[in-house]
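Colleague: here's my sequence, what's the structure:
(one chain, ligands or ions: 1)
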Amino acid sequence: MTGRKFLIGGNWKMNGSKALVDTLVTGLNNATWNTDEIEVVIAPPAPYLDLVRSKAKKEVNVSAQNIYFEKKGAYTGENSSEFLKDLGINWTIIGHSERREIFKESDEVTAKKVAFALAEGLSVIACVGEKLEEREANQTTEVVFRQLKAIAAVLKPSEWTNVVVAYEPVWAIGTGKVATPQQAQDVHHEIRTWLAANVSAEVAQATRILYGGSVGAKNSGELQKEVDIDGFLIGGASLTGDFVTIINTRASA
Ligand SMILES: O=C(CO)COP(=O)(O)O
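Modeller: Coordinates of the predicted model:
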């Protein structure tokens, strides 16, 4: 037993509709799991956050997919921690590879957002992960450590309590190419070792490290057996009945 509560996260990305909210939330509301052992967090698109929060039972945590590092003002198109708190939402994803790649968010901007979200009282799923060419050049840990270092540089050790790290190798996202349990475990172990050396042994032991990248009902059972895999961040499969199947697979493990 690791003592870390398994976290199953669903990142809907830019997908959804009122009808899909109804289907997915109804599915989750009808599912049951032991909240001492499993934490469920879903991240719908910002315009649906309020609807999801109002429909979902309290055992379902709701998360934003991103926020800005200012509370309000002339930042057209951005989302604020204040909006989230107003809606009763206390999680956000930060630094997803799609933010880093498509929207050119640097390690420093990502770190600033993580620190801001924590200061605002939100819990954060902070994403890290290497691209295919970086893995092929044996730079996986170098890249992941660089991303972690930027975050650790702006956090007090005590703030890690509200941080969950998601390791999402970019080559496995949306590609159907899932990392093998061993590949994922190896990087998760490296991340935990890095946290022990650079933050503290306590933080390394307590911090949950999620795997993300083509997780589905067919592979979650094998991945969850790995000792350093403390949950999943699920994209495509979180938009289907697979998400509840993954929760059930964990609940019956
Ligand atoms: O990016 C992801 C979750 O944040 C993973 O997406 P897929 O599960 O669709 O590969």
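Colleague: quick one: the helices in the stretch 51-200 of the chain?
Modeller: Assigned by DSSP state H, counting those that start in this stretch, the helices in the stretch 51-200 of the chain fall at 81-86, 97-102, 107-119, 132-136, 140-152, 181-198.
Colleague: turn these into JSON lines, columns for mean pLDDT.
Modeller: Rendered in JSON lines, the data for the helices of the stretch 51-200 of the chain read as follows (pLDDT from 0 to 100):
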{"stretch": "helix 81-86", "mean pLDDT": "98"}
{"stretch": "helix 97-102", "mean pLDDT": "98"}
{"stretch": "helix 107-119", "mean pLDDT": "98"}
{"stretch": "helix 132-136", "mean pLDDT": "95"}
{"stretch": "helix 140-152", "mean pLDDT": "98"}
{"stretch": "helix 181-198", "mean pLDDT": "98"}
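Colleague: do you know the pLDDT at the most far-flung residue of the chain relative to its centre?
Modeller: Distance to the chain centre peaks in the chain at residue 74, reaching 28.0 Å (criterion: C-alpha atoms, centre = their mean). Confidence at residue 74, expressed as pLDDT, is 98.
Colleague: look up how far residue 108 lies from it.
Modeller: According to C-beta to C-beta, to the nearest Å, residue 74 stands 22 Å off from residue 108. Where C-beta positions appear, they are placed from N, C-alpha and C, glycine not excepted.
Colleague: ranges for the strands of the stretch 1-150 of the chain?
Modeller: Applying DSSP state E, counting those that start in this stretch to the stretch 1-150 of the chain gives strands spanning 6-11, 38-43, 60-64, 91-94, 123-128.
Colleague: for the stretch 151-253 of the chain, same thing?
Modeller: With DSSP E, counting those that start in this stretch as the criterion, the stretch 151-253 of the chain has strands at 163-167, 209-212, 231-234.
Colleague: how many residues are close by residue 175?
Modeller: Other residues within reach of residue 175, judged by other C-beta atoms under 10 Å, total 12.
Colleague: just checking, it touches residue 169?
Modeller: No: look at residue 175 against residue 169 with C-beta atoms under 8 Å: they stay out of range, at 9.7 Å.
Colleague: so what sits against both of those two?
Modeller: Residues touching both residue 175 and residue 169 (C-beta atoms under 8 Å, 6 or more residues apart in numbering): residue 213.
Colleague: my read is that residue 253 contacts residue 224, right?
Modeller: Yes: Residue 253 is within contact range of residue 224, at 6.3 Å (criterion: C-beta under 8 Å).
Colleague: for the two, indicate the residue with more neighbours.
Modeller: Each of residue 253 and residue 224 has its neighbours counted (other C-beta under 10 Å); residue 224 has more, 20 against 12.
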